[in-house]
Structures are given as structure tokens and as C-alpha cells.
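Q: Quick one: sequence plus predicted model below, questions after.
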Amino acid sequence: MRVCALYPDLLNIYADRGNLLVLERRCAWRGLSFELRTSSLGDGLDGELHDLYYLGGGQDRDQQLCAEDLIATKADALRQAAARGAVVLGVCGGYQLLGHSYSLGEEQIAGVGLLDLHTVREPGPRLIGNVAIEATGLAAARGGAAARGAAARHVLAGFENHGGRTSLGAGQQPLGRVLAGHGNDGRSGYEGAVSGNVIGTYLHGPLLPKNVWFADWLIATALGIGAADLAALPDELEAATHADAVRVAGA
Ligand code: GLN
């Protein structure tokens, strides 16, 4: 499993780095080799080399620095990676950068446009709190009612804190439906977005320690195998963590 973390020094709010630790540990427990590389400001990016590309969240200022660099030095490689089916995961600020743009008043930060969405920093309170969603989008993006039914049983829980409100384009599949919390914009009832293997979400927490089923989904998808092909792990503690996160979200 070859992972590349983009800007881990700048986009690491709410311990988003924990997502990488979970991927590493769950691979190691199964005897799967795991390689983590990083690419930050000014570094190149190889769109052929990695199975999963990861962007965490950040404050507007750090996000802006990264956005300029992303467009200048990495966007083409990231699009190439997505086109060959590599997993691209963006959390919060990273999610916003996977869309077309993030507008803050007069300023507009360009994104890489892998997801059909725009984010606007509207006046009004930040959208903060515990959140739970039904992740209907993962299977729906791949089609098939049976798959959609299976995915509907999957709940993701986490914590959100964003000033940006994200609107999805007409054909853009959301990652899921909000069960409790704000989601993309506090109005639509949608959270996150998914196109093929490109996934964005506002869920911090970090996301994967609270939702190890999704960590396994990402590993399996990145490796091109089914989640059922991964060896089962004793996940009692992880299941309790997940249940707690869903409970505190009020779902
Ligand atoms: N800066 C972005 C916003 O406030 C993302 C914040 C974050 O990553 N938590 O909307």
C-alpha cells in the first residue's frame, strides 16, 4: 500500500494525520507492506507511484498557501492519479481543494476540480460539531441497487468545523446524507462528495480511527481488491469507538 500525504506539515488540523496512522497500522496488522511518502510546498508529485493520495484540513491561510502550490506543481499529477483509479481522499480543507474553487469574500482560491463543487465562505457562523452521516455515496458511485443497500448500512461519524459552505454540481454524488450535524452547507442534507475513487468529506476526528470500516474500504479500493478479501481484525475497541462517535453526534 503506497500512500502519499500532501502537505502533512500544513494540512493537519484536528490530528488529521491520525488517518495515516490507522491506514499504516491496519496494513501492518495484516502483513501488508505500507509505504508513506510526503509531498509538500515546492515538491513534485508522481501521479503513477501511489495507491492513495491524501489531503488533510487546515486553516484558511495555510490552505491558501497549499492551494497555490497544488495548482502550480501537483494538480496534473493528481488528475492523472485519479484518472487511473488511485484513491484520492480529502478532508475538510483538503476536500474543498478537490473542488473547483473556495471563495472568501473578494478572494477566490482555485481547486483541482476533481469533484464538481464550489465552496463559499458565507457570512454566518462556522459549522461546528459532531456529525454522523449515512455513507450512501460509496456504492452509489459504482451503481447497483444491491451495492447501494449494503452501503446504506455504513455510518461515518466525526467532527466538523468549517466556515466554507460547499455546493455540489447537479450531477455530483454526495458521500452521504447527514444523520446529525451540518454537512456540506447546513442546508442540503448532503455531506462530502465522491466521484469514482476521489472522495471528499468534512469529517475530522480524525476520521479513520472512528470509522475503521472506511479505512478498510480505502485500503481495499486502493489495492484493487474487495473489502471482504482483507483479513478480519479484532475490532472490539474500534467498534466501541465508532458507536461512541455516533452517539455523541446524536444519531
Ligand atoms: N479553512 C476551511 C474552512 O474553514 C477548512 C477548515 C478545516 O479544514 N477544518 O472552511
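A: Everything's here; your move.

Q: give me every residue that touches the nearest residue to F34 once chain neighbours are set aside.
A: Nearest non-adjacent residue to F34, counting by CB to CB, 6 or more residues apart in numbering: C27, 4.1 Å away. All C-beta spots, glycine's among them, are computed from the backbone N, C-alpha and C. Taking CB atoms under 8 Å, 6 or more residues apart in numbering, we find C27 in contact with 1, 33-34, 219.

Q: from the residues you listed, which is closest to L115?
A: Nearest to L115 out of the contacts of C27 is I219 (CB to CB; 21.3 Å).

Q: can you count the residues close to that closest one?
A: When counting by other CB atoms under 10 Å, one arrives at 24 neighbours for I219.

Q: three-state assignment of it?
A: Judged by DSSP: H, G, I helix; E, B strand; the rest coil, the three-state class of I219 is helix.

Q: near the ligand, which of the contacts of C27 show up?
A: Of the residues in these, proximity to the ligand by CB under 6 Å from any ligand atom holds for none.

Q: Looking at those, state which has the most neighbours.
A: The most crowded member of the contacts of C27 is I219, carrying 24 neighbours; neighbours defined as other CB under 10 Å.

Q: okay, that residue: pLDDT?
A: Model confidence at I219, given as pLDDT, is 97.

Q: Can you tell me how far it is from the ligand?
A: Counting by CB to the nearest ligand atom, to the nearest Å, the separation of I219 from the ligand is 23 Å.

Q: give me every residue that touches that residue.
A: With contact taken as CB under 8 Å, 6+ apart, I219 is in contact with 1, 23, 26-27, 32, 230.
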